[in-house]
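> Build me a model:
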Amino acid sequence: MRRMERQQEALDEQERQVTLRELENSSKESELDQIDDDLSSREYRLERDAKKRVQEILKSKTEIQGLIRAASRDAVKRSRATLLGRLLERMAPCFRKFAYDPRDMRSICDPFDYVLFDGLTVERQVKEIVFIEVKCGRGRLSGVQRGVVQAVDQRRIHSEVWEIGDPDIPITRQLLHGTRRALPPADEE
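This next block holds a predicted model:
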């Protein structure tokens, strides 16, 4: 009988331990359920935020592409206007309204389009020298061009003749034998 009582007590003890383990498992299961709910909630928020971010990126990409297209169109318009202006600059001496003989003009392109030697072709006598810049549309003189205009207006202009080599020896001989007289120094006048 005692043996049976001891066995009963051992069984009761095991039953209590099983019950405790069941309670612990139940508690852990509810914790796991809570963690699973938290993860599901986080996953939902991440998906929602990702979708919003993708929409923002697509929207901004569309806006950026529109800005790029507009800038490209603007660049093409400006390029066409520049090319047309350059074409008109080259054709300007041929227009009837042009007051000078086009044969008296020499194209230098920069900083002015032309230098005019008025009277050079017909009279073989230069009456005046004129710097000519052709502008189209809203074109304005550059800073360098304004500086040239000021120098001419203030009569800060002169001419120079540079002689290279020895005038008594033919130039071909000077080039072959290396007998050359150098340019005068910049400070000599």
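
> all helices for this structure, in order.
Listed in chain order, the helices of the chain (DSSP state H) span 2-91, 143-153, 171-177.

> can you list the domains in this structure?
Split into domains by automatic domain parsing, the chain comes to 1-74, 99-160.

> and the first one, how far out from the chain's middle?
In this view, domain 1-74 has its centroid 50 Å away from the chain centroid, taken as CA atoms, centre = their mean, to the nearest Å.

> want to throw the domains of the chain into TSV with distance to Gly85?
Every residue, glycine included, has its C-beta placed from N, CA and C. As requested, these are exported to TSV (distance: least, CB to CB, whole Å):
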stretch	distance to Gly85
domain 1-74	16
domain 99-160	4
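
> Provide a list of residues in contact with the nearest residue to Val122 once chain neighbours are set aside.
Excluding its sequence neighbours, the residue lying closest to Val122 (CB to CB, 6 or more residues apart in numbering) is Asp101, at 6.3 Å. Taking CB atoms under 8 Å, 6 or more residues apart in numbering, we find Asp101 in contact with 118, 121-122.

> Give me the helix or strand of this structure that scores worst on average pLDDT.
Least confident helix or strand of the chain, by mean pLDDT, DSSP states H and E, is helix 171-177 with a mean of 80.

> that older thread, need the helices of the chain in TSV with distance to Val161, can you?
Converted to TSV, the helices of the chain look like this (distance: least, CB to CB, whole Å):
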stretch	distance to Val161
helix 2-91	30
helix 143-153	20
helix 171-177	16
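
> Least confident of the ones you listed, on average?
When those are compared on mean pLDDT, helix 171-177 scores lowest, with a mean of 80.

> mind checking how far that helix is from the chain centre?
50 Å.

> Determine the set of other helices and strands touching it.
Counting contacts by 3 or more CB pairs under 8 Å, 6 or more residues apart in numbering; DSSP states H and E, helix 171-177 is packed against no other helix or strand.

> So for that helix, what gets flagged as buried?
Residues of helix 171-177 classed as buried by neighbour count (16 or more other CB atoms under 10 Å): Gln174.

> now Ala50: how far from Leu58?
For Ala50, the distance to Leu58 (CB to CB, to the nearest Å) stands at 12 Å.

> likewise Ser72?
Counting by CB to CB - Ser72 and Leu58 are separated by 21 Å.

> Ok, Val76 next?
27 Å.

> Test my guess that Leu120 contacts Asp104.
Yes - taking contacts as CB atoms under 8 Å, Leu120 lies within contact range of Asp104: 4.7 Å.

> quick one, which of those two is more surrounded?
Applying other CB atoms under 10 Å to Leu120 and Asp104 shows that Asp104 carries more neighbours, namely 21 against 17.
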